[in-house]
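Asks: Sequence plus the predicted model coming up.
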2 protein chains.
Amino acid sequence: MVSRLQYASLVNYKKVNPVKQKALQNFQSTFAGLNQYKIKIVPESIGHTAAVLDFQSTDFMLAFNLEGLGTKSLIADQLAVSKTFSNNKNLLKKFYENLAIDCVASSINDLTAVGAKPLILADMIAFASNDLLNTSFRMDGLLAGFKKAALKYKFAIPCGETPVYPNLLMPHTIDLSAASLGIISPKKNFVSGKKLKKGDKIFGLASSGLHANGLSLARKISERLPKGYLTKLKNGKILAEELLNPSFIYSNLVSKLLDQKIDLHYMNPITGHGWQKIMRPKQNFTYRISNIPDKPLIFDFLQSQGKLSNEEAYKTWNMGLGFVLMAPKKEGKKIERIANREKIKFFELGIVEEGPKQVALEPLNLVFKKLF
Amino acid sequence: MVSRLQYASLVNYKKVNPVKQKALQNFQSTFAGLNQYKIKIVPESIGHTAAVLDFQSTDFMLAFNLEGLGTKSLIADQLAVSKTFSNNKNLLKKFYENLAIDCVASSINDLTAVGAKPLILADMIAFASNDLLNTSFRMDGLLAGFKKAALKYKFAIPCGETPVYPNLLMPHTIDLSAASLGIISPKKNFVSGKKLKKGDKIFGLASSGLHANGLSLARKISERLPKGYLTKLKNGKILAEELLNPSFIYSNLVSKLLDQKIDLHYMNPITGHGWQKIMRPKQNFTYRISNIPDKPLIFDFLQSQGKLSNEEAYKTWNMGLGFVLMAPKKEGKKIERIANREKIKFFELGIVEEGPKQVALEPLNLVFKKLF
């Protein structure tokens, strides 16, 4: 058992969030630059998962974002130079393939949340040194992962960068990020949370595991174990494999919901801040959660090894919930049917109520009162 | 004097470029995903500075890219923790402001080269640790720089990220990147090099200094000097100030050229690979340069301190040339007039000739035969 860990010492959101707010305010005055083109930034998209551009002359809108994968790749980078694991080229290649999918997911799921279908993505793979370009399991794995995701989720990768950043990245590491552009067509497919109202149901879609958030804490817990990332789990897999399960990408599923004109009132991937993300819509509502998915093995393991309370765990990780959708009750069955067809587990989680902004996780006797 | 430096040992383009090619080929098959939307990636934009999306239903096209600033920020990050300089908050703030402008330039100048006007940009400022978010000269400087560039070049910054990457970035460093989207309107403003023909003139626009390329070498040379970045130059400034001069952004100037219907056949910022970039158009031509701008102070200093030949210097740095334009002879005077109005120095450099793909720098008796 490792000692109790404070996630705040790793990534301090109390410090990060004011900076985000400051940046948003700082840049508001730049929006007027688009008036000359009769294009505007849709105000409801500001601070949401993707910025949305409205062209007055078209019947579609565009969604745009830039996302970094963060520190998840450190797990594979560390194994790639470890004496006990570095010969395991096939598994290493698979890990990098999965990381590319994670990187895509972090950008595309954010487009999906505003009702956009992905069009193009640019990948950035920065390397700490030239020699990393030669490790074929790394480069081949990454390229395979980006391509696999692009083909499955039907977007193009027309450009990208593979720079080398000596002295900026820690030795033996890579840094992955992606920018993407999606189309909202027709314009009324735009989902912002504006239509959210009391009585709406809160639905959920399963995650595949950690996805790309709370990795700093997961790494810390893992690295303190006697066998580290090679620790065997109950399911016979090593910890690294579970940590590096590729993220689910929800765009095909949500595209089908949009095509079938499901009345979606709000969507959000569960990323940083875990279940607190549920109260991200701008209005004040109480989100009453009466059903919580079973804790997947990886979260159960990390939580017990890190001696984390449920509060800490559900505030940091997705705990099996990858994406939330809020919609009128009658849409539940239709969403469930499509989710089943896409082979992603569907949950009925709870209900949107009048009341102060908070997420009440009733089965856990927990209330999250403030977002972040 | 420092010993002769091999840039190849820092960033080995012989290794980087095959990876780029491999990535491009790998992703070609993903383009078909856009057929469902009647959108296509314009083939001439592949491998150019920005990917161009053609919407059959609109009278405009869009240009898109993702660029990293690279290691230039290390200069400021190093000074920010140095005993002799860290109290110089005003100059430090100015350095970070300039770096944000460099980051914008690396993305926006690439849009400009295909004939696009910038619409939106997403900034990514990754920090090695939480405490860096508290250093107000850094954050305030960066936000001021992004905002200043956005207001001057009339694009919006509707989203961005400020993540913390412990253990991925070297201590005390930041990593800057930006993705942007530009509009090509009308579609015939798209400039790809396709119209390039023998007899076209090669024009140039001045750089402000290093911009964002060849920084690994410039840093190496600087760090070997007894006073490092604080070395006084002939103009009375310290080396760091010259190295961190903010890049020129050419989008307002080129927008005016497009508005005045100047017949532009090719454009390119001079970035990595220095003057070799002149032979980037896809066709085979010889680019005969008969006039080379005077060597700016900073390049003269770095070249002599690094004991670099002209070949090495012009293959690595822009040496005073920030952007090339190729166009029929008759357009020269018009371009010059607009450049003068925008207060960016204009050069008539040479001519496009039939012949093998090469750049002949006649005044230096140098021929670059292969791009990269």
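Replies: Received it, and whenever you're ready, just let me know what you need.

Asks: what residues does stretch A:295-302 touch?
Replies: A:207, A:209-210, A:217-218, A:221-222, A:233-235, A:239, A:242-243, A:245, A:303, A:308, A:313, A:317, A:319-320 (CB atoms under 8 Å, 6 or more residues apart in numbering or on different chains). For every residue, glycine as well, the C-beta is placed using N, CA and C.

Asks: List the buried residues for it?
Replies: A:295, A:296, A:298, A:299, A:300, A:301, A:302 (16 or more other CB atoms under 10 Å in any protein chain shown).

Asks: cool, stretch A:166-179 as well?
Replies: Quick answer for stretch A:166-179 (16+ other CB under 10 Å): A:166-170, A:172-179.

Asks: So what's the model's average confidence on that stretch?
Replies: Computed over stretch A:166-179, the mean pLDDT rounds to 97.

Asks: Could I get the CA-only coordinates of that stretch as CSV?
Replies: Written as CSV, here are the backbone C-alpha positions of stretch A:166-179 (Å, rounded to 0.1, in the frame of the first residue of the first chain):
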residue,chain,number,x,y,z
PRO,A,166,15.9,18.6,-27.1
ASN,A,167,16.2,20.1,-23.6
LEU,A,168,12.5,20.9,-23.5
LEU,A,169,11.0,17.4,-23.2
MET,A,170,12.4,15.1,-20.5
PRO,A,171,14.8,12.5,-22.0
HIS,A,172,13.1,9.5,-23.7
THR,A,173,9.7,11.1,-23.8
ILE,A,174,7.2,12.2,-26.4
ASP,A,175,4.4,14.8,-26.2
LEU,A,176,1.2,14.3,-28.2
SER,A,177,-1.4,16.8,-29.1
ALA,A,178,-4.1,17.2,-31.7
ALA,A,179,-6.2,20.0,-33.2
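
Asks: Do it and chain B come into contact?
Replies: Yes: using CB under 8 Å from any CB of the partner chain, stretch A:166-179 comes into contact with chain B via A:166, A:167, A:168, A:169, A:170, A:173, A:175, A:177, A:178, A:179.

Asks: Quick check: of the residues you listed, which lies closest to residue A:253?
Replies: Nearest to residue A:253, judged by CB to CB, of these is residue A:178 at 19.7 Å.

Asks: okay but the closest one is in contact with residue A:107, surely?
Replies: Yes: using CB atoms under 8 Å, residue A:178 is in contact with residue A:107, at 4.3 Å.

Asks: shared neighbours of these two, anything?
Replies: A:66, A:67, A:121.

Asks: Can you check the pLDDT for residue A:56?
Replies: 89.

Asks: One more: residue A:5?
Replies: 49.

Asks: How about residue A:116?
Replies: Residue A:116 carries a pLDDT score of 98 in this model.

Asks: For it, which non-adjacent residue is spatially closest?
Replies: With sequence-adjacent residues excluded and distances taken as CB to CB, 6 or more residues apart in numbering or on different chains, residue A:116 is closest to residue A:182, at 3.1 Å.

Asks: now swap in residue A:161 and tell me
Replies: residue A:124 (4.8 Å).

Asks: which is the next helix or strand following the host helix or strand of that neighbour?
Replies: According to DSSP states H and E, residue A:124 maps onto strand A:117-127. Sequence order places helix A:136-153 as the next helix or strand after strand A:117-127, per DSSP H and E.

Asks: With only the CA atoms kept, save that next one in PDB.
Replies: Taking Å, rounded to 0.1, in the frame of the first residue of the first chain, the C-alpha atoms of helix A:136-153 are listed here in PDB:
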ATOM      1  CA  SER A 136      10.000   1.700 -35.000                       C
ATOM      2  CA  PHE A 137       7.600   0.300 -32.400                       C
ATOM      3  CA  ARG A 138       7.000   3.900 -31.200                       C
ATOM      4  CA  MET A 139       6.600   5.600 -34.600                       C
ATOM      5  CA  ASP A 140       4.800   2.700 -36.300                       C
ATOM      6  CA  GLY A 141       2.500   2.300 -33.400                       C
ATOM      7  CA  LEU A 142       1.600   6.000 -33.300                       C
ATOM      8  CA  LEU A 143       1.000   6.300 -37.000                       C
ATOM      9  CA  ALA A 144      -1.100   3.100 -36.900                       C
ATOM     10  CA  GLY A 145      -3.200   4.500 -34.100                       C
ATOM     11  CA  PHE A 146      -3.900   7.800 -35.700                       C
ATOM     12  CA  LYS A 147      -4.800   6.100 -39.000                       C
ATOM     13  CA  LYS A 148      -7.000   3.500 -37.400                       C
ATOM     14  CA  ALA A 149      -9.000   6.200 -35.500                       C
ATOM     15  CA  ALA A 150      -9.300   8.300 -38.700                       C
ATOM     16  CA  LEU A 151     -10.600   5.500 -40.800                       C
ATOM     17  CA  LYS A 152     -13.000   4.300 -38.100                       C
ATOM     18  CA  TYR A 153     -14.300   7.700 -37.200                       C
END
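
Asks: what's the angle from that helix to strand A:117-127?
Replies: Comparing the axes of helix A:136-153 and strand A:117-127 via axes from the mean of the first three to the mean of the last three CA atoms, to 10 degrees yields an angle of 170 degrees.

Asks: Quick check: residues of the stretch 151-300 of chain A near chain B?
Replies: A:151, A:153-170, A:173, A:175, A:177-179, A:181, A:183, A:185, A:216, A:219.

Asks: Confirm for me that residue A:38 is in contact with residue A:55.
Replies: Yes: using CB under 8 Å, residue A:38 is in contact with residue A:55, at 7.5 Å.

Asks: quick one: low-confidence parts of the stretch 101-250 of chain A?
Replies: Filtered on pLDDT under 70, the stretch 101-250 of chain A yields no residues whatsoever.

Asks: And the helices in it?
Replies: Under the criterion DSSP state H, counting those that start in this stretch, the stretch 101-250 of chain A contains helices at A:136-153, A:215-223, A:239-243.

Asks: Serialize those helices to CSV and add fields for mean neighbour count and distance to residue B:326.
Replies: Formatted as CSV, the helices of the stretch 101-250 of chain A follow (neighbours: other CB atoms under 10 Å in any protein chain shown; distance: least, CB to CB, whole Å):
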stretch, mean neighbour count, distance to residue B:326
helix A:136-153, 21, 33
helix A:215-223, 22, 47
helix A:239-243, 22, 51
